[in-house]
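Trainee: Okay, predicted coordinates and the sequence, questions at the end:
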Amino acid sequence: MKKIILIIILILLVGCEKRNISIVLNPGYDIVGMDTTWIDEGCTLNINSSLSIEMEVYSNNVDLTTPGEYNVIYHEEYGGELHTCLRIVKVIDDIAPTVTLNSGIDTIKKGEEWIDTGVIITDNLDDTFFTQVLGTVNINVIGTYEIEYTAIDDAGNVTIVIRIVNVIE
């Protein structure tokens with residue numbers, strides 16, 4: 001009787017292979033610009049180095065139209081256990097503001113008044129910007145002058161536009 005019990009225990013132990021389970025977040029680009037395409041590379045559940053299962057997407061709140069951090073959660077049930085994997089996707093504003101020179105008279109005669117007509121600034125997200133205007137025009141000295149307009153949005157995207165002003169005889 002002891003031999004039978006010992007044989008049954010040995011059979012049960014031989015049939016009980018320990019599972020080596022690992023979860024691998026498949027490599028991909030998880031920082032993406034607004035209004036672009038993002039490819040979900042998925043997550044893999046590996047069992048004993050012999051079985052790989054692509055995990056199912058449980059939830060995905062990625063919004064490519066709004067900057068922020070988003071979660072993709074993967075689930076897979078195996079062997080009566082629920083396995084979970086998390087991918088964090090960061091959507092960034094990488095679109096610089098548009099700076100358009102206003103029309104104006106940028107060639108004047110020496111001594112005439114020059115009026116800076118400025119620029120129009122627009123952005124995909126922001127209504128306010130850091131702006132800077134550099135340069136001066138000496139209306140009493142013949143030459144070519146540069147006026148530099150810089151616009152920076154809240155994400156740090158920069159656009160620089162230069163106006164050329166000519167003072168002639």
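Mentor: It's in.
Trainee: Buried ones in stretch 84-103, by neighbour count?
Mentor: Counting neighbours by 16 or more other Cβ atoms under 10 Å, one finds that the buried residues in stretch 84-103 are C85, R87, V89, V91, D93, D94, I95, A96, P97, V99, L101. In short, each C-beta sits where N, CA and C put it, glycine included.
Trainee: Surely I121 and T131 touch.
Mentor: Yes: between I121 and T131 there is a contact at 6.7 Å, judged by Cβ atoms under 8 Å.
Trainee: what about the chain, any weak spots by pLDDT?
Mentor: For the chain, applying pLDDT under 70 flags the ranges 1-18.
Trainee: Domain-wise, how is it divided?
Mentor: 18-92, 98-168 (automatic domain parsing).
Trainee: ends of the last one, how far apart?
Mentor: End-to-end distance of domain 98-168 (Cα to Cα, to the nearest Å): 31 Å.
Trainee: picking up where we left off before, and I121 and T131? which has more neighbours close in?
Mentor: For I121 versus T131, the count of surrounding residues by other Cβ atoms under 10 Å is larger for I121: 21 against 14.
Trainee: ok now do that one, which residues does it touch?
Mentor: Contact analysis of I121 by Cβ atoms under 8 Å, 6 or more residues apart in numbering lists P97, T98, V99, T100, F129, T131, A151.
Trainee: what's the distance between the closest residue to D154 other than its chain neighbours and Y145?
Mentor: Closest residue in space to D154, ignoring its immediate chain neighbours: D126 at 5.0 Å, by Cβ to Cβ, 6 or more residues apart in numbering. Separation of D126 from Y145 (Cβ to Cβ, to the nearest Å) stands at 30 Å.
Trainee: Then N61?
Mentor: Relative to Y145, and taking Cβ to Cβ, N61 is found at 52 Å.
Trainee: D94 touches D35, doesn't it?
Mentor: No: counting by Cβ under 8 Å, D94 stays clear of D35, with 9.9 Å between them.
Trainee: residue ranges for the strands of this structure, please.
Mentor: Counting by DSSP state E, the chain has these strands, from start to end: 21-25, 31-33, 43-47, 51-54, 56-60, 68-78, 81-92, 98-101, 107-109, 119-122, 130-134, 143-152, 158-168.
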